[in-house]
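J.: show me how the following folds:
(chains A, B and C)
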Amino acid sequence: MEDPKMQVYKDEQVVVIKDKYPKARHHWLVLPWTSISSLKAVTKEHLELLKHMHAVGEKVIADVAGSSKLRFRLGYHAIPSMSLLHLHVISQDFDSPCLKNKKHWNSFNTEYFLESQAVIEMVQEAGRVTVQDGMPELLKLPLRCHECQKLLPSIPQLKEHLRKHWPK
DNA sequence: GTTCTAGAAC
DNA sequence: GTTCTAGAAC
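T.: So this is what the prediction gives:
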């Protein structure tokens, strides 16, 4: 995060870095300089920061992948691995050797992935972020294609299937 | 979070 | 027999 070589974008409020183990062709993390431990610690005080993080994510997409046909999603993991609030910005090809198991897939393709926009609206309306019960169970759900909903029996078969949704 | 690998699934 | 996953160790 501090290492300039890792920084894709930086301003007074946030820094963007590449995910160390990208789960798609483009996968960045937007981190605020002011450390927020997790979504549980988020209050209305952070509303403008959350909006800024989202806007920066959109800007990096435009700058780096603007001419690609890739679709992107911006969001937070319900139960993050790293305890420092970070916004995932990830292209929807999921074309990456680092995507290896069911947990990887389901953390980006079930309700475990909380849309940035929904988080912002929740903070706007409720003043905080509440996460539903049963998040760990979502990671064990069967593998389902995010584009056509087809069920795939294994990771290798899912990966092969995903190819047909890649933009040409 | 990743790597490693036993044994389940095919 | 080979592929693949899931749990332990880190």
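J.: stretch A:138-145 close to DNA strand B?
T.: No: Stretch A:138-145 stays clear of DNA strand B (CB under 7 Å from any atom of the strand), getting no nearer than 8.0 Å. Where C-beta positions appear, they are placed from N, C-alpha and C, glycine not excepted.
J.: distance of residue A:45 from DNA strand C?
T.: With the distance defined as CB to the nearest atom of the strand, to the nearest Å, residue A:45 ends up 34 Å from DNA strand C.
J.: figure out how far the helix or strand harbouring residue A:62 is from the centre of its chain.
T.: Take DSSP states H and E as the rule and residue A:62 turns out to sit in helix A:47-65. In terms of CA atoms, centre = their mean, to the nearest Å, the gap separating the centre of helix A:47-65 from the centre of its chain is 12 Å.
J.: and that helix, average pLDDT?
T.: Taken as a whole, helix A:47-65 has a mean pLDDT of 98.
J.: which parts of that helix are buried?
T.: By 16 or more other CB atoms under 10 Å, the buried positions in helix A:47-65 come out as A:49-50, A:52-54, A:56-57, A:60-61, A:64-65.
J.: tabulate the residues you listed (TSV), appending distance to DNA strand B.
T.: Output for the buried residues of helix A:47-65, formatted as TSV (distance: CB to the nearest atom of the strand, whole Å):
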residue	distance to DNA strand B
A:49	23
A:50	21
A:52	25
A:53	19
A:54	21
A:56	22
A:57	19
A:60	21
A:61	22
A:64	21
A:65	21
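J.: SS state for residue A:140?
T.: Three-state call for residue A:140 (DSSP: H, G, I helix; E, B strand; the rest coil): coil.
J.: show me where chain A has strands.
T.: In chain A, the segments counted as strands under DSSP state E are A:7-10, A:14-18, A:27-32, A:72-77, A:87-91, A:113-115, A:143-144, A:151-152.
J.: quick one: which of the ones you listed is nearest residue A:100?
T.: strand A:143-144 (12.3 Å; CB to CB).
J.: contacting residues for residue A:75?
T.: Applying CB atoms under 8 Å, 6 or more residues apart in numbering to residue A:75 gives the contacts A:87-88, A:113-116, A:118-119.
J.: with residue A:48 as the reference, measure out to it.
T.: To residue A:48, residue A:75 is 19 Å away according to CB to CB, to the nearest Å.
J.: what about the closest residue to residue A:36 other than its chain neighbours, how many neighbours?
T.: Of all residues not flanking residue A:36 in the chain, residue A:85 sits nearest, at 4.0 Å (CB to CB, 6 or more residues apart in numbering). Other residues within reach of residue A:85, judged by other CB atoms under 10 Å, total 24.
J.: wait, doesn't residue A:85 sit right on residue A:33?
T.: No: the pair residue A:85 and residue A:33 does not pass the contact test of CB atoms under 8 Å, sitting 11.3 Å apart.
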